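Engineer: Model the following, please.
(one chain, ligands or ions: 1)
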Amino acid sequence: MPAPLAQAVLAEFKQHFGYEPMLVRAPGRVNLIGEHTDYNGGYVLPAAIDKEAIFAVGLNGGTEIRLISHDLGETFTLANVAEVSPSETHWANYLLGVVAQLQERGVVVPGFDCVFGANIPVGAGMSSSAALECGLAFALNHLLHANIGLMELAHVAQKAEHTYAGVQCGLMDQFASLFGRAGQVVRLDCRSLEYAYFPFDTTASRIVLCNSGVKHSLATSAYNTRREECERGVAVLQQYYPAVQSLRDATVAQLDAHRDELGDTVYRRCAYVVKENGRVETGCRHLEAGDLAAFGQDMYASHAGLRDDYEVSCVELDALVEAARGVPGVYGSRMMGGGFGGCTINLVAPEHVDEFIAHVSAAYQQQFGRVPETYQTTIVAGVSSLAAAAQ
Ligand code: GAF
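Structural biologist: Residues are numbered from 1 along each chain as shown. Alright, predicted model coming up:
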């Protein structure tokens, strides 16, 4: 039997549209380390998790797009799929952007119906938007026999985010949602697009997320500004080091040599990215060696850089990281995702998880007057269809 969310989404589809759809699940993601490195040609270390979006999708034989958000109880209709364009309906844009990207690649998209629901907290840095994009892209690719490979589907979803949601994101979130593997984290080289899976040993550590519950309205513009600052840094370095194509190629020594020309802000942004990229490489070695204590130190260093140099943290996230530090069994803690709110990711020894949650919740409540939501996550497979037999 599919999970309750899938059953509810399927039932709503059949009730509204009266035929059998394809059912697809698309997970959110965590990122162990490597934040804001993806759009700098660097490395990331994400995994798909057991928070997911569920889609029921079917071709309706006409030209209409009919979308229903199960969670919001809202509908969106477009009379002619050939006239797709950004909408005032915020949530619809993640889906319409995917249609537009498929069309740009020459796929003829006919009318279709879609009901979707998700248990990925929105704005929590767990990639709810990437799950929406990837789930629909996967479903339409299948239903239309478009034969677009998974990596290209990740680009379809990423471009949908750029063009219809206005976030100039990297590829990490869409890649993780599509390429996740149960029980494994995956290191992606965001330049070459080569990737390698690493087992994540849940007997040694659990991944616990603590949600600050904060969503800053300026997050999108600040994200895009960070990207521009990194590009400005690269433009300065390229005058002296033509081999520097992105910050992935730069060194701290090069940045130091041109600090005045870069200016303080751009210097700090770039220095953070260069160091964070190095942390993904050393972090993978620590994970392979089973040295969680060393990996955890990289996580704390990552958070400090995101807070002080990249300036994408906030007091609530800083407080959650500080509350985690020193709790027995906690290896490391840092903010996760784009920042300006959302979750911290914490690696915690299994036998200490309850104590950790109790401690951090009490500390957060004392400081901010509310208990943070916490999630013990499991690493799952990437986007897939739910077998017809299970429907
Ligand atoms: C967001 C973006 F969508 C990702 O591409 C990535 O840049 C991340 O922020 C920061 O690492 O999730």
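Engineer: in a helix, that's where Pro265 is, yeah?
Structural biologist: Quick fix: residue 265 is Thr, not Pro. Yes. Thr265: assigned to a helix according to DSSP: H, G, I helix; E, B strand; the rest coil.
Engineer: isn't it right next to Glu229, touching?
Structural biologist: Yes. Thr265 is in contact with Glu229 according to Cβ atoms under 8 Å; the separation is 6.5 Å. The C-beta positions use only the backbone N, C-alpha and C, and glycine is treated the same way.
Engineer: Those two: who's more crowded?
Structural biologist: Under the criterion of other Cβ atoms under 10 Å, the comparison of Thr265 against Glu229 puts Glu229 first, with 19 against 14.
Engineer: Give the residue spans of the stretch 201-350 of the chain that score low on pLDDT.
Structural biologist: Nowhere does the stretch 201-350 of the chain drop to pLDDT under 70.
Engineer: And the helices in it?
Structural biologist: For the stretch 201-350 of the chain, applying DSSP state H, counting those that start in this stretch gives helices covering 219-240, 252-257, 259-262, 264-288, 292-308, 315-324.
Engineer: Next, format those helices as a markdown table and append distance to the ligand.
Structural biologist: Formatted as a markdown table, the helices of the stretch 201-350 of the chain follow (distance: least, Cβ to the nearest ligand atom, whole Å):
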| stretch | distance to the ligand |
| --- | --- |
| helix 219-240 | 7 |
| helix 252-257 | 20 |
| helix 259-262 | 21 |
| helix 264-288 | 9 |
| helix 292-308 | 9 |
| helix 315-324 | 13 |
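Engineer: right, and the ones you listed - which one's nearest Pro21?
Structural biologist: helix 219-240 (31.8 Å; Cβ to Cβ).
Engineer: Domain ranges for this protein, per the record?
Structural biologist: What automatic domain parsing lists as the domains of the chain is 4-202+380-390, 206-376.
Engineer: Leaving out chain neighbours, which residue sits closest to Arg232?
Structural biologist: With sequence-adjacent residues excluded and distances taken as Cβ to Cβ, 6 or more residues apart in numbering, Arg232 is closest to Val266, at 5.3 Å.
Engineer: and the one you found, how far is that from Tyr39?
Structural biologist: 15 Å (Cβ to Cβ, to the nearest Å).
Engineer: do the same with Arg206
Structural biologist: Arg206 sits 29 Å away from Tyr39, going by Cβ to Cβ.
Engineer: Met335 bridge partners, please.
Structural biologist: Note on Met335: beta-bridge partners by DSSP bridges are Thr344.
Engineer: how near is it to Val167?
Structural biologist: Taking Cβ to Cβ, one finds Met335 at 17 Å from Val167.
Engineer: of these two, who's got more company?
Structural biologist: When Met335 and Val167 are compared for neighbours, Met335 comes out ahead with 29 against 18, by other Cβ under 10 Å.
Engineer: Can you pull the residues of the stretch 1-150 of the chain lying near the ligand?
Structural biologist: Applying Cβ under 6 Å from any ligand atom, one finds that the stretch 1-150 of the chain approaches the ligand through 35-36, 38-39.
Engineer: nearest to Arg181, of those?
Structural biologist: Asp38 (18.8 Å).
Engineer: Can you give me every residue that contacts the closest residue to the closest one other than its chain neighbours?
Structural biologist: Setting aside the residues directly before and after it, Asp38 is nearest to Gly170 in space (Cβ to Cβ, 6+ apart), at 2.8 Å. By Cβ atoms under 8 Å, 6 or more residues apart in numbering, the contact set of Gly170 is 36-40, 44, 158, 190.
Engineer: neighbours around the residue in the stretch 1-150 of the chain that the ligand sits nearest to, how many?
Structural biologist: The ligand sits closest to Glu35 of the stretch 1-150 of the chain, with a gap of 3.9 Å, by Cβ to the nearest ligand atom. Other residues lying near Glu35 total 29 when counted by other Cβ under 10 Å.
Engineer: which SSE is Ala100 in?
Structural biologist: helix 90-104 (DSSP states H and E).
Engineer: what about that helix, average pLDDT?
Structural biologist: The average pLDDT for helix 90-104 rounds to 97.
Engineer: Tell me the buried residues in stretch 116-130?
Structural biologist: Within stretch 116-130, the residues scored as buried using 16 or more other Cβ atoms under 10 Å are 116-121, 123-130.
Engineer: go on, stretch 293-301?
Structural biologist: Neighbour-count burial for stretch 293-301 flags 294-301 (criterion: 16+ other Cβ under 10 Å).
Engineer: what residues does that stretch touch?
Structural biologist: The contact list for stretch 293-301 (Cβ under 8 Å, 6+ apart) reads 32-33, 275, 279, 282-283, 286-287, 321, 325, 330-334, 345, 347.
Engineer: I figured Gln238 hits Leu247, correct?
Structural biologist: No. Using Cβ under 8 Å, Gln238 is not in contact with Leu247; the gap is 11.2 Å.
Engineer: Perfect, that will be all.
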